[in-house]
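Visitor: Sequence below, structure please.
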Amino acid sequence: MIIEVDCLDAACLKKLAEKESLVIRVKQFVPNLLAEQLGEKILGHGFDRYLNAPSIGRIGMAFYEAENKPQRVEDYFESVFQNINDLRQRCSPYYSPIDKLRCILDEFWPAGAQIETLYGKKMYVGLSRVVIPGVTFLAHHDIFAKDAPDSFRAKSLQAQFAANVYLSMPREGGALQIWKDELSPEEFDAMRGDSYGIEPSLLGEPALEIRPDVGDLLIFNSRCMHSVTAGVDDLRLSLSCFIGYRGTENPLSFWS
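Guide: The predicted model follows:
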C-alpha cells in the first residue's frame, strides 16, 4: 500500500490514481539538515490560523477556506502571488521545496504540469501547515469539486492527490492516518456537523498509519479520509499542495 521511491515518476503516480497504492513516499526529498534549516526560517516569521479550522496553523491561504463565499474567494485570488513569493523569501537563500516538486512533476509527466487555473485566474500553491503539540488534525477529505462546485475545471479531475513535504516533526506522534474507503461529501458533512472534521475514532482503524521523517515527501489520494495524530513536544510543519490528475494525456495541475 506504500510505494517507496528515490524519485518520482509517472508510473507511481498512475498507481496512486488507479488506487493500487495509498501513499507514495520519497525519503529525504529535501536533505534532513536543509529541511530543518528551512523549517526554522519559515516559522521564524510567524504563522496564522485557518479561518475555518482555527486549531491548525497555516502560512498562506488555502482555497478550502474560501467556502465558496465571494469575498473570501476574492481575498484568496488577490493574495496568490504575494503568498507564493512569501514562501520563496522565507526559504531564501535556499530553494523552496514546493518549487522543486513543481519542476519535477513538469519534467517527468508526459503532458507536463502547471499551476491550476480557476475562474480564469492562477491559483496559489505552497501552503505551510503547522500543527502544535497536543492537537489532532481531525479526519477529513479534500475534494476540489466540493470547494468550487460551479467549476468545470474542478469537476473534471479524475483523481486528486495531496503532497506534503515535512520540515519539522515532533519526537512522537504526528503520524498520517489514511482510511481506504471514501465518504461522499454528504456523508462527511452529516458526520462532522459544525466542525471541519471527524474524530478519527468514529471511522474505525485506518488502513494505513505512516510517520514521516523530516525531509520526506508523501503523496496520497486526498479524497480518502485522512487525519494526523497529536504530537507531544514540537511543532509539525509541512509544505503542502494538491496535485490534479485528468488522465495521462493531460497536464497535471497543482494548487493549495
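
Visitor: Leu43 reaches Leu237, doesn't it?
Guide: Yes - the pair formed by Leu43 and Leu237 meets the contact definition of CB atoms under 8 Å, at 6.3 Å. Placement of C-beta: from N, CA and C, glycine included.

Visitor: Could you pull out the residues contacting both of those two?
Guide: 130, 168 (CB atoms under 8 Å, 6 or more residues apart in numbering).

Visitor: Pick out whichever of these two has more residues nearby.
Guide: Each of Leu43 and Leu237 has its neighbours counted (other CB atoms under 10 Å); Leu237 has more, 25 against 18.

Visitor: What helix or strand is the more buried one located in?
Guide: strand 236-245 (DSSP states H and E).

Visitor: Let me see the mean pLDDT of that strand.
Guide: What strand 236-245 shows for mean pLDDT is 97.

Visitor: Would you list the strands that that strand pairs with, along with their directions?
Guide: strand 127-131 (antiparallel), strand 159-168 (antiparallel), strand 252-255 (antiparallel) (DSSP bridges).

Visitor: Checking my notes, Pro149 in a helix, right?
Guide: No - counting by DSSP: H, G, I helix; E, B strand; the rest coil, one finds Pro149 to be coil, located in no helix.

Visitor: For the closest residue to it other than its chain neighbours, give me phi and psi.
Guide: Leaving aside its chain neighbours, Pro149 sits nearest to Asn68 (6.5 Å; criterion: CB to CB, 6 or more residues apart in numbering). Taking degrees, to the nearest 10, you get phi 60, psi 20 for the backbone angles of Asn68.

Visitor: can I assume Asn68 is in contact with Lys146?
Guide: No - counting by CB under 8 Å, Asn68 stays clear of Lys146, with 9.1 Å between them.

Visitor: The two: who's more crowded?
Guide: Lys146 (16 against 12).

Visitor: Run through the helices of the stretch 151-256 of the chain in chain order.
Guide: Here the stretch 151-256 of the chain has its helices, by DSSP state H, counting those that start in this stretch, at 152-155, 185-192.

Visitor: can you redo these as CSV with mean neighbour count and distance to Gly174?
Guide: Formatted as CSV, the helices of the stretch 151-256 of the chain follow (neighbours: other CB atoms under 10 Å; distance: least, CB to CB, whole Å):
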stretch, mean neighbour count, distance to Gly174
helix 152-155, 14, 30
helix 185-192, 13, 22
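
Visitor: could you dump these to JSON lines with distance to Asn221?
Guide: JSON lines is the format used below for these (distance: least, CB to CB, whole Å):
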{"stretch": "helix 152-155", "distance to Asn221": "16"}
{"stretch": "helix 185-192", "distance to Asn221": "15"}
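
Visitor: between these, which has the poorest average model confidence?
Guide: helix 185-192 (a mean of 91).

Visitor: which other helices and strands contact that helix?
Guide: strand 137-140 (3 or more CB pairs under 8 Å, 6 or more residues apart in numbering; DSSP states H and E).
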